[in-house]
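Trainee: build me a structure from this.
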Amino acid sequence: MLSGRQRLAAALWPPRVNRAQLVVALLLFALGLGVAFQVRANTTENQLRGAREDDLVRILDEVDSRQQRLDQERQQLQTSLTQLQTSSNQAKEAQAQTKLKEQQLGILAGTVAATGPGVTLTIKDPGGNVQAAMLLNTLEELRAAGAEAVQINNVRVVAGTWFSDANRGTVTVSGTTVSQPYVFTVIGNPQDLDTAMNIPGGVVQSVDRDNGTATVRRSQSLAVTALIPLSTPDYAHTTHP
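Mentor: Prediction:
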């Protein structure tokens, strides 16, 4: 049989909490939290109200100094960002210009392939009368008309290309024997190149007088794929200013 104290403890524990009691507890907690914040704010405000003029001036100076430091840091970060963006753009632009220049020089040197509009000039010489001098004259006329990349059969033509006569119906181009028909693949303005080949007394008429035929076909997309091997100079070296 339980004693009176035991019956009282059993009635109080475990506690029985209903919804109303829980709501009241939450309200009391929120009220206490609000009072605490208000007391803290009042305390800070009271401290400022009770501070001496010198203290208020010092606090204001600290706030101003902190604001100035933040402004300076913001300006420094903005300056750094601008410099990074500018240097990045300059580096990209310089890289793009370098790559473009490398491609242009590669086309002129014949070390890279080239594509673009142009003409295909085909010279057929059944009698073997077209010789090295005629091919050289043809190349000069094409260059004067604005040819930017030229290939004869499977040989790339560059500034140092040379021609010599070989057996009848063949010509040596920079040491490579080329047989007719001689096919010039030329990149440039198709109209200018076509006109230069067909002018009175030009290449087409000259080949015709030698009992050959020369035909010009325009195209908006040609490929010059023959390449000149890139060699390393033995004695010349680059210099830097």
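Trainee: do you know how far the nearest residue to Gly110 once chain neighbours are set aside is from Asp192?
Mentor: Of all residues not flanking Gly110 in the chain, Ile228 sits nearest, at 3.7 Å (C-beta to C-beta, 6 or more residues apart in numbering). The C-beta positions use only the backbone N, C-alpha and C, and glycine is treated the same way. Using C-beta to C-beta, to the nearest Å, Ile228 is found at 25 Å from Asp192.
Trainee: do Arg74 as well
Mentor: From Arg74 to Asp192 the distance is 59 Å (C-beta to C-beta).
Trainee: which of those two has more neighbours?
Mentor: Asp192 (16 against 10; other C-beta atoms under 10 Å).
Trainee: surely that one is in contact with Ala145?
Mentor: Yes - Asp192 is in contact with Ala145 according to C-beta atoms under 8 Å; the separation is 4.9 Å.
Trainee: surely Ile228 meets Val157?
Mentor: No - between Ile228 and Val157 there is no contact under C-beta under 8 Å: 9.3 Å.
Trainee: can you check which residues contact both of these two?
Mentor: Common contact partners of Ile228 and Val157 (C-beta atoms under 8 Å, 6 or more residues apart in numbering): Gly110.
Trainee: neighbour-wise, which of the two wins?
Mentor: Val157 (25 against 17).
Trainee: distance check, that one against Gln97.
Mentor: 27 Å.
Trainee: likewise for Ala214?
Mentor: For Ala214, the distance to Gln97 - C-beta to C-beta - is 40 Å.
Trainee: also Leu193?
Mentor: 29 Å.
Trainee: before we move on, what about Thr82?
Mentor: Counting by C-beta to C-beta - Thr82 and Gln97 are separated by 22 Å.
Trainee: could you do Pro190 as well?
Mentor: 29 Å.
Trainee: the more surrounded of those two?
Mentor: Between Pro190 and Gln97, counting by other C-beta under 10 Å, Pro190 is the more crowded of the two (20 against 10).
Trainee: which ones are touching the more buried one?
Mentor: Pro190 neighbours (C-beta under 8 Å, 6+ apart): 117-119, 218-220.
Trainee: ok, now Val112?
Mentor: So Val112 contacts 103, 106, 227 (C-beta under 8 Å, 6+ apart).
Trainee: between the residues you listed, which has the most around it?
Mentor: Gly106 (16 neighbours).
Trainee: report pLDDT for it.
Mentor: We have a pLDDT of 85 for Gly106.
Trainee: helix, strand or coil for it?
Mentor: With DSSP: H, G, I helix; E, B strand; the rest coil as the basis, Gly106 sits in helix.
Trainee: show me what contacts it?
Mentor: Val112.
Trainee: can you list the neighbours in contact with stretch 165-176?
Mentor: Contacts of stretch 165-176 (C-beta under 8 Å, 6+ apart): 125, 128, 130-132, 135, 152-155, 157, 160-164, 177-180, 182.
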